[in-house]
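J.: structure, please.
(4 chains)
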Number of protein chains: 2
Amino acid sequence: MDPTPLIAFSLRDQIVEHIRNDVLRGRLADGDRLNETELAERFGVSRTPIREALQQLTCEGLLDGRRNAGVTVARRPPDSIRELVVPIRRSVETFALKSFYDTIVADDFVHWNTILDKMRTACLVADYPTISEQDLAFHRALVRRSGQIDLEAIWASIVFRVRHHFWETQHRNYAEPIAIYDEHVAILNVFREGDLESAVDALAKNIN
Amino acid sequence: MDPTPLIAFSLRDQIVEHIRNDVLRGRLADGDRLNETELAERFGVSRTPIREALQQLTCEGLLDGRRNAGVTVARRPPDSIRELVVPIRRSVETFALKSFYDTIVADDFVHWNTILDKMRTACLVADYPTISEQDLAFHRALVRRSGQIDLEAIWASIVFRVRHHFWETQHRNYAEPIAIYDEHVAILNVFREGDLESAVDALAKNIN
DNA sequence: CAGATCTTAATTGCACGCAATTCAGGAACT
DNA sequence: AGTTCCTGAATTGCGTGCAATTAAGATCTG
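T.: Just a heads-up that it's a prediction; the model follows:
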């Protein structure tokens, strides 16, 4: 019998996840320096997995590293990039949806609802960092459901670079936090009953 | 006085460049396993910079790595992804072009022509790997000219994942290799004399 | 003989140490 | 006073060794 029924993640993956959340939730501010030795002590590991984690996050666009000069939290790109990124996000997510729409099963809704439940709880207390986190988790789950690892990688490299805009949109476009939750529930409702075209529309409208 | 007037690249960067070219030029076939120790001996370095290089290339989509099981050259994704990626490439490259079009200077053409000269030489001897390499270099140079590092990263994460399609397109759409060169020269000619709209059209038509 | 299980060799993941590079602070010079 | 140069501390890049995990080969069983 396998002693570890759950997947054992490497130290690197755990650290990547941790720091990524710190950045996405705003616990680390733009331009903050990330010191390898300091992080190694904080996580109780050596510098090696830290270095690898920082490198991956740099590749994802969350961090910014110059040679021999450490890494910092990536600063926000020019606002103009929104005009490029938003349509691309729509393309990627609707492309993913189309690829698996006719194979959706009940378990999928269970999974997606688990995410939305967390979002609802966060909405009720106006916990915007968590709302944003679960919003990302929901859309990521859709892309991942396509089973095409390349799609998820493309999606991630796009979304993480415009996390600032992503975050601000939630404040600007929704008067009440719970409206964010409601809109996502509505999307799932269309998935349940509607045709593909309606589903694509519902998803696309949520991306702006 | 700086003893190294040229930028000294790190071992990692050199190895990344080397292996990336090996994959893009087809010296490494899909599914080929990359052994860290073997590569370390071949390059005459320790495993550390090799590991970091392999990780970065995995992030870029050229390699595919499972935990504790080494990395292999990424296999081609489903052909259907072309429908998604080609329009995205057009968006990214034309977006970049628009962002710097009115600040193009003579030195830019010098730089771009240097790339096209190499492409021409390769076309004359039907050296498709080099044609492809310089084709990528040309388009990458355009995106890089925008000065937005995020644009280049998005572009790379997209293009490298569909290198197979990219490569085959050159064989299918052009009877004579030199036509590939001619089309790129034509693009630069439009840049020199034409308006922005014509330039965007010329570039967009080259991406298919 | 097919299939499952155990054992062993090969490979990766991580820890640690040294050397090279960078950055900050102060002194010397214009 | 501002700029340049120099020096030292801090930090990153790389080399090396060990432990953990995996993959493959041999052995055993039905």
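J.: what residues does chain A put near DNA strand D?
T.: Proximity of chain A to DNA strand D (CB under 7 Å from any atom of the strand) is limited to residues A:8, A:33-37, A:47-48, A:51, A:65, A:67-71. Using the backbone N, CA and C atoms, a C-beta is placed for each residue, glycine as well.
J.: so which of these belong to strands?
T.: In this view, these that belong to strands under DSSP state E are A:33-34, A:65, A:71.
J.: and the two most separated of the residues you listed?
T.: Pairwise distances across those peak at 10.5 Å for A:33 and A:65 (criterion: CB to CB).
J.: which neighbours do the two share?
T.: Common neighbours of residue A:33 and residue A:65, using CB atoms under 8 Å, 6 or more residues apart in numbering or on different chains, are A:71-72.
J.: among those two, which residue is more densely surrounded?
T.: residue A:65 (16 against 11; other CB atoms under 10 Å in any protein chain shown).
J.: please list all residues in contact with that one.
T.: A:54-55, A:58, A:71-72.
J.: which residues in chain A form strands?
T.: Going by DSSP E, chain A shows strands at A:33-34, A:63-65, A:71-73.
J.: if I look at residue A:101, how far off is DNA strand C?
T.: 35 Å (CB to the nearest atom of the strand, to the nearest Å).
J.: can you lay out the contacts of residue A:65 as a markdown table showing neighbour count, pLDDT and distance to DNA strand C?
T.: Output for the contacts of residue A:65, formatted as a markdown table (neighbours: other CB atoms under 10 Å in any protein chain shown; pLDDT from 0 to 100; distance: CB to the nearest atom of the strand, whole Å):
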| residue | neighbour count | pLDDT | distance to DNA strand C |
| --- | --- | --- | --- |
| A:54 | 23 | 97 | 13 |
| A:55 | 22 | 96 | 12 |
| A:58 | 19 | 96 | 16 |
| A:71 | 20 | 94 | 12 |
| A:72 | 18 | 95 | 11 |
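J.: among those residues, which pair sits farthest apart?
T.: A:55 and A:72 (13.8 Å).
J.: just the buried subset of the residues of chain A next to DNA strand D, please.
T.: A:34, A:36, A:51, A:65, A:71 (16 or more other CB atoms under 10 Å in any protein chain shown).
J.: who's in contact with residue A:123?
T.: A:131, A:177-178, A:180-181.
J.: just give me the neighbour total for the closest residue to chain B within chain A.
T.: The minimum distance from chain A to chain B, using CB to the nearest CB, falls at residue A:59 (3.7 Å). Applying other CB under 10 Å, we find 22 residues neighbouring residue A:59.
J.: let me see the contact set for it.
T.: B:56, B:59-60, B:153.
J.: residue A:85 contacts residue A:164, doesn't it?
T.: No: applying CB atoms under 8 Å as the test, residue A:85 and residue A:164 come out as separate, 11.3 Å apart.
J.: who has more neighbours, these two?
T.: Each of residue A:85 and residue A:164 has its neighbours counted (other CB under 10 Å); residue A:85 has more, 23 against 16.
J.: how near is the more buried one to residue B:114?
T.: 31 Å (CB to CB, to the nearest Å).
J.: also residue A:130?
T.: 51 Å.
J.: check residue A:160 too.
T.: 34 Å.
J.: the more surrounded of those two?
T.: Neighbours were tallied for residue A:160 and for residue B:114 using other CB under 10 Å; the higher tally belongs to residue A:160 (20 against 14).
J.: how far away is that one from residue A:152?
T.: Taking CB to CB, one finds residue A:160 at 12 Å from residue A:152.
J.: check what pLDDT residue A:193 gets.
T.: With respect to pLDDT, residue A:193 scores 88.
J.: what about it, how many neighbours?
T.: 8.
J.: now do residue A:31
T.: 10.
J.: which residues does it contact?
T.: A:72-73, A:75.
J.: from the residues of chain A next to DNA strand D, which is closest to residue A:196?
T.: Of all the residues of chain A next to DNA strand D, residue A:8 has the smallest distance to residue A:196: 38.5 Å, by CB to CB.
J.: name the residues that touch the helix or strand of chain A with the lowest mean pLDDT?
T.: The weakest-scoring helix or strand in chain A, judged by mean pLDDT, DSSP states H and E, is helix A:163-173 (a mean of 81). Helix A:163-173 is contacted by residues A:23-24, A:26, A:62, A:76, A:79, A:82, A:85, A:128, A:131-132, A:135-136, A:159, A:180, A:208 when judged by CB under 8 Å, 6+ apart.
J.: can you say which of the residues you listed are buried?
T.: Listed as buried from the contacts of helix A:163-173 are A:23-24, A:62, A:82, A:85, A:128, A:131-132, A:135-136, A:159, A:180; burial here means 16+ other CB under 10 Å.
J.: save those residues as CSV, and put in distance to DNA strand C and pLDDT too.
T.: Formatted as CSV, the buried ones among the contacts of helix A:163-173 follow (distance: CB to the nearest atom of the strand, whole Å; pLDDT from 0 to 100):
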residue, distance to DNA strand C, pLDDT
A:23, 20, 95
A:24, 22, 94
A:62, 19, 95
A:82, 30, 93
A:85, 29, 95
A:128, 32, 91
A:131, 31, 93
A:132, 28, 92
A:135, 29, 95
A:136, 25, 94
A:159, 25, 94
A:180, 36, 94
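J.: just these: which are in helices?
T.: Taking DSSP state H as the definition of helices, the buried ones among the contacts of helix A:163-173 contribute A:23-24, A:82, A:85, A:128, A:131-132, A:135-136, A:159, A:180.
J.: want to throw these into TSV with distance to residue A:188?
T.: Output for those, formatted as TSV (distance: CB to CB, whole Å):
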residue	distance to residue A:188
A:23	28
A:24	23
A:82	26
A:85	25
A:128	22
A:131	17
A:132	19
A:135	14
A:136	17
A:159	20
A:180	14
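J.: chain B contacts on chain A?
T.: A:10, A:13, A:51-52, A:55-56, A:59-61, A:64, A:67-68, A:77-78, A:80-81, A:83-85, A:87-88, A:91-92, A:95, A:99, A:148, A:150-151, A:153-154, A:157-158, A:161 (CB under 8 Å from any CB of the partner chain).
J.: for the most centrally placed residue in chain A, give me its contacts.
T.: With distances taken as CA atoms, centre = their mean, residue A:136 lies nearest the centre of chain A, 3.6 Å away. Contacts for residue A:136 (CB under 8 Å, 6+ apart) come out as A:24, A:159, A:166.
J.: which one of these is nearest to DNA strand D?
T.: Among those, residue A:24 lies closest to DNA strand D (CB to the nearest atom of the strand), at 21.1 Å.
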